[in-house]
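Sequence first, predicted model second:
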Amino acid sequence: MWQGITCWVGKWCDTDKKAAWAALLARFPAPTVVVTDGGSGIAAALSECWSETAVQRCLVHVQRNVRTYLTGRPKTEAGKALLRLGRALTRITTAAEAAAWLGGLHDWHQSYGNLVKARTYRNGSAVVPGWVRANQTWWYTHDRLRKAYRLLERLSQAGTLFTYLRAEFAGLQIASTTNRIEGGTNAQLRLLLRAHRGMSEEHRKRAIEWYLYLHSEQPLPPAKLIKAQHHHPAKTETRTPIEQEPGPELYSTGLSAEEGLWDRKGWAGRT
């Protein structure tokens with residue numbers, strides 16, 4: 001959606017929720033297409049605020065989700081075939097290749113659809129997986145395979161996998177992933193926080209805001225951000241050493257058994 005950081009308008013929130021995303025999206029005009037990682041919060045906000053905007057799901061995130069369900073080395077032929085389909089997503093560059101991929105997903109269901117529907121019922125001989133609830137009488141036998149397939153099926157039916165290849169968006173150069181912001185902006189913010197791990201939460205927020213501001217298209221010079229009140233900041237009350245709580249000596253050449261960070265016992269407290 002964004003070609004770069006032309007301005008910085010942000011909103012801090014505690015979780016990825018609909019209300020926070022809706023408050024942010026309401027400050028922008030609806031774009032033609034939005035590329036999203038598929039979070040539930042932004043998905044709900046998009047349907048409410050930008051209902052006419054087309055959605056492109058980040059294909060790298062879809063690949064990761066499929067790999068999380070199937071692992072990198074599935075043992076069954078069905079899992080291996082489905083993982084190959086997931087890995088092929090980011091190599092599709094034409095509408096014909098997209099149609100072939102969708103045909104491959106249909107063929108997979110024709111061959112292995114019975115595994116998606118298979119159920120196991122609780123009885124004396126059945127091995128109960130750890131994630132099954134105590135009062136649950138049955139579960140899907142191939143639960144993780146089912147989740148991986150259902151994810152791809154749901155996205156293909158919603159038409160959000162190959163929005164970037166649709167003819168009406170041919171000249172817009174729609175991206176198929178969120179790599180541009182993940183690698184260009186988010187990675188730099190994580191690096192900033194990692195390099196300054198001792199900052200408080202409020203200090204971290206200010207550091208992120210300052211980074212984004214300086215990397216916007218036309219940031220003002222720092223000197224122009226200084227207001228009159230900044231030249232004469234309000235004085236904070238300070239306490240002299242005499243007013244401070246009683247404690248160990250301020251200056252000394254040694255420590256007794258009662259001085260220091262803790263009371264000393266054993267050999268350390270003997271004279």
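Alright, I've got the coordinates. Numbers count the residues shown, from 1 in each chain.

wouldn't Glu153 be in contact with Leu105 here?
Yes: assessed by Cβ atoms under 8 Å, Glu153 is found in contact with Leu105 at 7.1 Å. Glycine gets a C-beta too; all of them are placed from N, C-alpha and C.

Tell me where the stretch 151-271 of the chain has strands.
Under the criterion DSSP state E, counting those that start in this stretch, the stretch 151-271 of the chain contains no strands.

low pLDDT regions in it?
Low-confidence segments of the stretch 151-271 of the chain (pLDDT under 70): 237-271.

circling back: which one's more surrounded, Glu153 and Leu105?
Using other Cβ atoms under 10 Å as the criterion, Glu153 and Leu105 rank with Leu105 on top: 18 against 15.

Against Ala81, how distant is Cys13?
40 Å (Cβ to Cβ, to the nearest Å).

right, I mislabeled it, should have said Ser40
Ser40 is 29 Å from Ala81, where distance means Cβ to Cβ.

In terms of neighbours, single out the busier of the two.
Per other Cβ under 10 Å, whichever of Ser40 and Ala81 has more neighbours is Ala81, with 15 against 11.

doesn't Tyr112 make contact with that one?
Yes: if you go by Cβ under 8 Å, Ala81 and Tyr112 touch, sitting 7.3 Å apart.

contacting residues around Glu52?
Counting by Cβ atoms under 8 Å, 6 or more residues apart in numbering, Glu52 touches Ala30.

Show me where the chain has its helices.
For the chain, the helices defined by DSSP state H cover 18-25, 40-49, 59-70, 77-88, 95-117, 143-158, 179-181, 187-195, 201-214, 228-231.

List the buried residues of the fourth one.
Residues of helix 77-88 classed as buried under the neighbour-count rule (16 or more other Cβ atoms under 10 Å) are 78-79, 82-83, 85-86.

from those, which is closest to Lys17?
Gly86 (28.0 Å; Cβ to Cβ).

and the spatially closest residue to the closest one that is not a sequence neighbour, how many neighbours?
Spatial nearest neighbour of Gly86, chain neighbours left out: Val66 (3.5 Å); criterion: Cβ to Cβ, 6 or more residues apart in numbering. A count of neighbours around Val66, defined by other Cβ under 10 Å, yields 20.

quick one: pLDDT of Val66?
With respect to pLDDT, Val66 has a value of 97.

Contact partners for it?
Per Cβ under 8 Å, 6+ apart, neighbours of Val66: 82-83, 86, 148, 151-152.

mind listing what the closest residue to Thr94 other than its chain neighbours touches?
Nearest residue to Thr94 in three dimensions, chain neighbours excluded: Leu165, at 6.9 Å (Cβ to Cβ, 6+ apart). Residues near Leu165 by Cβ under 8 Å, 6+ apart: 92-95, 98.

Output those residues in TSV, with pLDDT, distance to His203 and neighbour count appended to each entry.
Formatted as TSV, those follow (pLDDT from 0 to 100; distance: Cβ to Cβ, whole Å; neighbours: other Cβ atoms under 10 Å):
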residue	pLDDT	distance to His203	neighbour count
Ile92	96	44	19
Thr93	94	44	11
Thr94	95	49	10
Ala95	95	49	13
Ala98	96	46	18
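
Now render those residues as CSV, adding distance to Gly130.
Output for those, formatted as CSV (distance: Cβ to Cβ, whole Å):
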residue, distance to Gly130
Ile92, 37
Thr93, 42
Thr94, 44
Ala95, 44
Ala98, 38
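
any idea how far Arg64 is from the spatially closest residue to Leu59 that is not a sequence neighbour?
The shortest distance from Leu59 to any non-neighbouring residue, by Cβ to Cβ, 6+ apart, is to Leu89 (4.5 Å). Counting by Cβ to Cβ, the separation of Leu89 from Arg64 is 11 Å.

Between the two, which is the more surrounded one?
The residue with more neighbours, out of Leu89 and Arg64, is Leu89; 21 against 13, by other Cβ under 10 Å.
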